[in-house]
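Novice: Need a 3D model of the sequence below.
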Amino acid sequence: MADSSASESSAVQAEALRFVREAGRVRVQGDLLRSSIESLSDLSLPMPDGQTPGTRLEIALGSVGRIDTAGVAFLLGWQAEAAAQSVTVRYTHPPKAMRAMMRVYDLDDWMVVEGVS
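Specialist: The predicted structure follows:
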């Protein structure tokens, strides 16, 4: 039962997500956990102003504290949204846990990743 309490406690203490739009980049800050994603009022990609079809968009993950499978799925949703607008996504400085999940779920061919956190 103590394990259950620890899990619930860490879910409550998830750092809120923030997205900072810059030219050609969205910086993600906080924890990409199911609990923090569920608290968002808008799940859509915060596309930077001036981002046009045929361009690349960097999703900067260097300020992400924790990530779970819901966080990876969330990023894949953003990637699909960008692809629908003919924008190519690349992720920079992903957390080590994300790289591990990408290997486990065989996403290396789906998600372009640069740099290591």
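Novice: hey, let's count contacts and neighbours off CA atoms from now on
Specialist: Will do.
Novice: tell me which element residue 99 is part of?
Specialist: Element membership for residue 99, per DSSP states H and E: helix 96-104.
Novice: Mind giving me the packing neighbours of the very next helix or strand once past that helix?
Specialist: Downstream of helix 96-104, the first helix or strand assigned by DSSP H and E is strand 113-114. Judged by 3 or more Cα pairs under 8 Å, 6 or more residues apart in numbering; DSSP states H and E, strand 113-114 is in contact with strand 88-92.
Novice: Please work out which residues outside the strand it packs on touch it.
Specialist: 54-62, 79, 82-83, 111-116 (Cα atoms under 8 Å, 6 or more residues apart in numbering).
Novice: Swap in 7 Å and give it another go.
Specialist: 55-61, 79, 82, 112-115 (Cα atoms under 7 Å, 6 or more residues apart in numbering).
Novice: Give me the buried subset of these.
Specialist: With neighbours counted by 16 or more other Cα atoms under 10 Å, those contain buried members at 56, 57, 58, 59, 60, 61, 79, 82, 113.
Novice: okay, the second one: pLDDT?
Specialist: In this model, residue 57 is scored at 98, pLDDT.
Novice: quick one: it and residue 15, what's the gap?
Specialist: Residue 57 is 24 Å from residue 15, where distance means Cα to Cα, to the nearest Å.
Novice: now swap in the first one and tell me
Specialist: Counting by Cα to Cα, the separation of residue 56 from residue 15 is 28 Å.
Novice: what pLDDT does the nearest residue to residue 53 once chain neighbours are set aside get?
Specialist: Spatial nearest neighbour of residue 53, excluding adjacent residues (Cα to Cα, 6 or more residues apart in numbering): residue 86 at 4.7 Å. The model reports residue 86 with a pLDDT of 97.
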